[in-house]
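1. Give the three-dimensional model of this entry:
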Amino acid sequence: MAVRVLIVDDDVAFREAVRKLLIERGYDVIGDAGTLAQARVAVAELDPDALLLDVNLPDGDGVSFSRELSARGNGARILLTSSDSTAAPRRLVERSGAAGFIGKTELIGARLTPYLG
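-> Next up is the predicted model:
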């Protein structure tokens, strides 16, 4: 069974591009969200196995949302991403409960299985 992924990013074009990338790699993209408010609703309704989560969103930050989800123990794996490759230092990622961080420009060539499952 394919890993069910929710994409959370405020850039519509990026969401579409990464959706295609994930589908090509065998993931089941079950939805997307452009804000944290939308992401909270989508997580509750869709119960994803994993999230590809932007660090910088219009109504908050992905690191805090990752920490929130991890504290709830919902079990979803989280891969943080950003166009700023320094947006999430390792120490911050580890404290957030996320599986890791990959810059957006590195996603195409990256092995995603260790992060998303």
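2. helix/strand/coil for residue 91?
-> When classified by DSSP: H, G, I helix; E, B strand; the rest coil, residue 91 comes out as helix.
3. roughly how far apart are it and residue 80?
-> Plainly put, residue 91 is 13 Å away from residue 80 if you go by CB to CB, to the nearest Å. In this view, the C-beta of every residue, glycine as well, is placed from N, C-alpha and C.
4. pull the CA atoms of the helix or strand of the chain with the lowest mean pLDDT into CSV?
-> The weakest-scoring helix or strand in the chain, judged by mean pLDDT, DSSP states H and E, is helix 90-96 (a mean of 90). Listed next in CSV are the C-alpha coordinates belonging to helix 90-96 (Å, rounded to 0.1, in the frame of the first residue of the first chain):
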residue,chain,number,x,y,z
ARG,A,90,19.4,20.0,12.4
ARG,A,91,18.9,20.8,16.1
LEU,A,92,15.6,22.5,15.4
VAL,A,93,14.4,19.7,13.2
GLU,A,94,15.2,17.1,15.8
ARG,A,95,13.3,19.0,18.5
SER,A,96,10.3,19.4,16.2
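5. sec struct for the residue nearest the centre of the chain, please.
-> Residue closest to the average C-alpha location in the chain (CA atoms, centre = their mean): residue 52, at 1.7 Å. When classified by three-state DSSP, residue 52 comes out as strand.
6. quick one: it and residue 110, what's the gap?
-> 11 Å.
7. Name the nearest residue to residue 74, ignoring sequence neighbours.
-> Distances taken as CB to CB, 6 or more residues apart in numbering put residue 43 closest to residue 74, at 7.1 Å, once the chain neighbours are dropped.
8. Likewise for residue 99?
-> residue 115 (4.4 Å).
9. Which positions within the longest helix along the chain qualify as buried?
-> The longest helix of the chain (DSSP state H) is helix 12-24. By 16 or more other CB atoms under 10 Å, the buried positions in helix 12-24 come out as 14, 15, 18, 19, 21, 22.
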